Every structure is written in structure tokens, then in C-alpha cells.
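Asks: What shape does this take:
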Amino acid sequence: MPGNPKGDRRERELVNELDEAGFAVMRAPASGSATDRELPDVLAGRADRLPRSEGRDEGKATEDGGNDDTGGSEPLFYAIEAKSSSGDPIYLTGEEVEALVYFARNFGAKPRIGVRFDREPWYFFHPADLYVTDGGNYRVKRETAVGQGVDFAELIGRSTQARLGDSGTS
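Replies: Now for the predicted structure:
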């Protein structure tokens, strides 16, 4: 039985973008349906936060066989629930979000909700930053994603978004 071809394509797109950014990444197709365990759509990790070409001597290995991380930054691991929409708000059940947070905590990853609307790039949210409906579900509108979401470059540590109203002074 076919799932959601467009959603599957979008998940693969996200996996490819993370792979190109230097992450070890895997997609859990049909997450939640092939097992009784709730799994995130995408798991991604990278041993450092720095882009591969910045601030690192890639040829220098440490005694344990890993690369020397001169940036002193911690490993970066994400458990991502990916959702896409043609324009309507994206809804997640309270159970989906709770399962993501539970898995991420046990796995040692940061839980993120990735949303992609047609003709927009991916935007990411920590579950605690999402709007909670009266029924205990979660909602992301397109304008919320564009205005408040973390873009892909910021998620992978390559930039920091500046938003209107942000300033360098207090």
C-alpha cells in the first residue's frame, strides 16, 4: 500500500541535504507503521558543528582515530519529524510530538520538527516552540515557519538568522 509519495520525496530531499552538509543521516521510511515503536522520520548526526571546510585541519587525526576538532564544539545529533504541506497549516498529534521527544531524549539527540511548504525551504522548530491547540495537538502555519522557524543553514551551524526586531543592543 503506497504511503505519501510527496511526503516521502520531501523526506528524501531532507536526507540528501543533510548528507551534503556532512551529516551521517538515515531515513526511517514508514516511521511508526513498520514497528510498534515510534521512530522519527530522520536521524542525523555530525561529530562537530563546524562546516567541513572551516576551522578544521581535516588531515589531523586524534589518538582515538577521530579528527581533531579545534573548534571545541560538541557533536550535533538530531531526531527529526518531517512534515510537508501545499499551503495548509501542518498539524501533528500530541502523541507524535511526545514520541519524538521521548526517542530524542533516550537517543541523545535534539528533537526537531522539520516543516516544508510548497515553494519554501525547510524550517525547523524545537517541539516546545510550536503552537499547541486546545485539543493538545501542534500546529505550524506557513507564516509562522517563515517568520520564526530556523532555516537549514542555521540548523547545521553555518549561519545565524537575524530577524526584524533583533538588534545588537539591549
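Asks: Leaving out sequence neighbours, find the closest residue to Lys6.
Replies: Ser84 (6.6 Å; C-beta to C-beta, 6 or more residues apart in numbering). C-beta coordinates here come from the backbone N, C-alpha and C atoms, glycine included.
Asks: show me what contacts the one you found?
Replies: Residues near Ser84 by C-beta atoms under 8 Å, 6 or more residues apart in numbering: 6-7, 10, 90, 115-117.
Asks: could you point out where the chain is predicted with low confidence?
Replies: Low-confidence segments of the chain, defined by pLDDT under 70, span residues 1-3, 29-36, 49-73, 160-170.
Asks: at 90 instead, please
Replies: 1-10, 28-39, 47-76, 87-88, 157-170 (pLDDT under 90).
Asks: Can you identify each of the helices in this protein by residue range?
Replies: Applying DSSP state H to the chain gives helices spanning 5-20, 94-107, 142-148, 152-155.
Asks: Adding distance to Tyr78, write these out as CSV.
Replies: Listed next are the helices of the chain as CSV, based on distance: least, C-beta to C-beta, whole Å:
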stretch, distance to Tyr78
helix 5-20, 8
helix 94-107, 8
helix 142-148, 17
helix 152-155, 8
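Asks: Ok, which of those helices comes nearest Arg46?
Replies: Judged by C-beta to C-beta, the one of those that comes nearest to Arg46 is helix 5-20, at 8.7 Å.
Asks: shouldn't Phe125 be in contact with Val150?
Replies: Yes: using C-beta atoms under 8 Å, Phe125 is in contact with Val150, at 7.1 Å.
Asks: Only the C-alpha atoms, please, for stretch 131-147, written as PDB.
Replies: What follows is stretch 131-147, C-alpha atoms only, in PDB (Å, rounded to 0.1, in the frame of the first residue of the first chain):
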ATOM      1  CA  TYR A 131       1.700  26.400  18.900                       C
ATOM      2  CA  VAL A 132      -0.400  23.900  20.900                       C
ATOM      3  CA  THR A 133      -4.100  23.700  20.000                       C
ATOM      4  CA  ASP A 134      -6.900  23.400  22.600                       C
ATOM      5  CA  GLY A 135      -7.100  19.700  21.800                       C
ATOM      6  CA  GLY A 136      -3.400  19.200  22.700                       C
ATOM      7  CA  ASN A 137      -2.200  18.900  19.100                       C
ATOM      8  CA  TYR A 138       0.500  21.000  17.500                       C
ATOM      9  CA  ARG A 139       0.200  23.400  14.500                       C
ATOM     10  CA  VAL A 140       2.600  25.200  12.200                       C
ATOM     11  CA  LYS A 141       1.300  27.800   9.800                       C
ATOM     12  CA  ARG A 142       3.300  28.900   6.700                       C
ATOM     13  CA  GLU A 143       3.800  32.400   8.000                       C
ATOM     14  CA  THR A 144       5.000  31.100  11.400                       C
ATOM     15  CA  ALA A 145       7.500  28.800   9.700                       C
ATOM     16  CA  VAL A 146       8.900  31.600   7.500                       C
ATOM     17  CA  GLY A 147       8.900  34.200  10.300                       C
END
